[in-house]
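Chemist: sequence first, then the predicted structure:
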Amino acid sequence: QVQLQESGPGLVKPSETLSLTCTVSGGSINSYYWSWIRQPPGKGLEWIGYIYYSGSTNYNPSLKSRVTMSVDTSKNQFSLKLTAVTAADTAVYYCARLTYDSSGYSLDYWGQGTLVTVSS
Amino acid sequence: DIQMTQSPSSLSASVGDRVTITCRASQTISRYLNWYQQKPGKAPQILIYAASSLQSGVPPRFSVSRSGTDFTLTISSLQPEDFATYYCQQSYNTPLTFGGGTKVEIK
């Protein structure tokens, strides 16, 4: 059973960079796409982007100028960096496995999520 | 971006009730639609993919019908474990987009 676990600071100051890592266990990071999704408190879901195990990326245009994703296959981890954060970036951040096949894109395994608060 | 509009945003129902949730896409997405269930404090879990295929372990009381760009999730007989928030997500192209969610509460 694939499991994902987010890690990183729970508090980030305005204008600084949010950095999170997702560790994948119970399966290899190879041959899959991996995504980040966020959910502001009490609100809906927003897809941030994905990274393929090879390193290719696809970001949501709404965040593209501030987002960087990377992957470390030797550690079975992938990461998210979001620069110049504001209070609007306060959210629960989820990592998830993204399956892409004839059925389209499906987020089939999710981490438990980590709350990141942007505040001074 | 493809906009996904869900309705209603919330509903109250009793155990055993038939419940329907609608999701409308702003353009054609064929059958490329997924549904997720989210319980408080938990991550979403995929329920249905490719419009009508149940994820492994999902009971058959969940079903989806499609008419053009309108998709309807039906829970035929609501069970206590079904009280949650449901999100649709188009899987047709990127950026992936979600509906605003439907919270199913106990009446």
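Modeler: Sure thing, it's come through. Quick caveat: nothing in here was measured; it's all calculated off a predicted structure.
Chemist: between the two ends of stretch A:25-37, how far is it?
Modeler: End-to-end distance of stretch A:25-37 (C-alpha to C-alpha, to the nearest Å): 19 Å.
Chemist: B:Tyr92: what's it in contact with?
Modeler: Residues in contact with B:Tyr92 (C-beta atoms under 8 Å, 6 or more residues apart in numbering or on different chains) are A:Gly104, B:Ile2, B:Ala25, B:Ile29, B:Ser30, B:Tyr32. C-beta coordinates here come from the backbone N, C-alpha and C atoms, glycine included.
Chemist: ok, 7 Å please
Modeler: A:Gly104, B:Ile2, B:Ile29, B:Ser30, B:Tyr32 (C-beta atoms under 7 Å, 6 or more residues apart in numbering or on different chains).
Chemist: okay if I get those residues as JSON lines plus pLDDT, secondary structure and distance to B:Val104?
Modeler: Shown next, in JSON lines, are the contacts of B:Tyr92 (pLDDT from 0 to 100; DSSP: H, G, I helix; E, B strand; the rest coil; distance: C-beta to C-beta, whole Å):
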{"residue": "A:Gly104", "pLDDT": "90", "secondary structure": "strand", "distance to B:Val104": "25"}
{"residue": "B:Ile2", "pLDDT": "97", "secondary structure": "coil", "distance to B:Val104": "24"}
{"residue": "B:Ile29", "pLDDT": "95", "secondary structure": "coil", "distance to B:Val104": "24"}
{"residue": "B:Ser30", "pLDDT": "93", "secondary structure": "coil", "distance to B:Val104": "27"}
{"residue": "B:Tyr32", "pLDDT": "95", "secondary structure": "coil", "distance to B:Val104": "24"}
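Chemist: nearest to A:Ser65 among these?
Modeler: Minimum distance to A:Ser65 across the contacts of B:Tyr92 is 21.3 Å, recorded for B:Ile2 (C-beta to C-beta).
Chemist: quick revisit: PyMOL command for the buried members of the contacts of B:Tyr92?
Modeler: Selecting only the buried entries of the contacts of B:Tyr92 in PyMOL, with 16 or more other C-beta atoms under 10 Å in any protein chain shown as the criterion:
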select buried, (chain A and resi 104) or (chain B and resi 2+29+32)
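Chemist: thank you, goodbye.
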